[in-house]
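Student: Build me a model:
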Amino acid sequence: MIPVEVETLIMFAPPAPSALVLAPLGENRTQPGTYRILPIWVAYHDALNLGHAIERHKSARPLTHDIFIDAITSLDAHISKVVIDRVEKALFSATLYLEQYGRIIDLDARPSDAVALALREDAPIYITKDVFDQASFPYLVNNPTDEEEAMAAFHEFLENVAPEDFSL
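Tutor: The predicted structure is shown next:
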């Protein structure tokens, strides 16, 4: 199994699907090279839930995923891991693993729900090697940007910009 993290979430307005992009954990993707990423297409509503989890947003009223976390916590269980373990065409499936008093409970889940729950609980996310090999795409980093260099260039731009530069 390959441990992964959320690389990014790309949201599009409906009816277009949004994309949850996962990448192997610990890779320094700021250096030049070719890396692999796994995009999973999700519906807009699912992307909103993922966005809440990524940003650790707390709403005034509990959302569905929050209620699920509260329920499993009330049952003295916790999410031990998520494994994205199947793909057929562009349809991914995941298994959500709960642990309760040493007992492992595995639940079939949509990856968007499983990842949203894992993010809320800081549980590890994995992809089987077969799924990663079958469904990942190359991601090429040509010219990494040095953050200090980019900020210096931006500050120089700000020092030299004038309102008339923006007139038509």
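
Student: Would you map the helices across the protein?
Tutor: Taking DSSP state H as the test, the helices found in the chain are 44-55, 64-74, 111-121, 129-135, 147-160.

Student: can you tell me which residues contact residue 53?
Tutor: By Cβ atoms under 8 Å, 6 or more residues apart in numbering, the contact list for residue 53 reads 65, 115-117, 119-120. (Glycine included, C-beta is placed from N, CA and C.)

Student: packing partners for the strand ranked longest in the chain?
Tutor: Looking across the chain with DSSP state E, the single longest strand is strand 77-88. Judged by 3 or more Cβ pairs under 8 Å, 6 or more residues apart in numbering; DSSP states H and E, the packing partners of strand 77-88 are helix 64-74, strand 91-100, strand 103-109, helix 111-121, strand 125-127, helix 129-135.

Student: Low-confidence ranges, the protein, go.
Tutor: Across the chain, the ranges flagged by pLDDT under 70 are 143-146, 158, 161-168.

Student: what's around the residue lying closest to residue 75 once chain neighbours are set aside, how many residues?
Tutor: Distances taken as Cβ to Cβ, 6 or more residues apart in numbering put residue 100 closest to residue 75, at 6.4 Å, once the chain neighbours are dropped. Using other Cβ atoms under 10 Å, residue 100 has 13 neighbouring residues.

Student: distance of residue 100 from residue 79?
Tutor: Distance check for residue 100 against residue 79: by Cβ to Cβ, to the nearest Å, it reads 11 Å.

Student: Could you save the helices of the chain as JSON lines and add columns showing distance to residue 20?
Tutor: Formatted as JSON lines, the helices of the chain follow (distance: least, Cβ to Cβ, whole Å):
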{"stretch": "helix 44-55", "distance to residue 20": "6"}
{"stretch": "helix 64-74", "distance to residue 20": "14"}
{"stretch": "helix 111-121", "distance to residue 20": "6"}
{"stretch": "helix 129-135", "distance to residue 20": "12"}
{"stretch": "helix 147-160", "distance to residue 20": "25"}
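
Student: just the ones you listed: most buried one?
Tutor: Among these, helix 111-121 has the highest mean neighbour count (mean count of other Cβ atoms under 10 Å), at a mean of 24.
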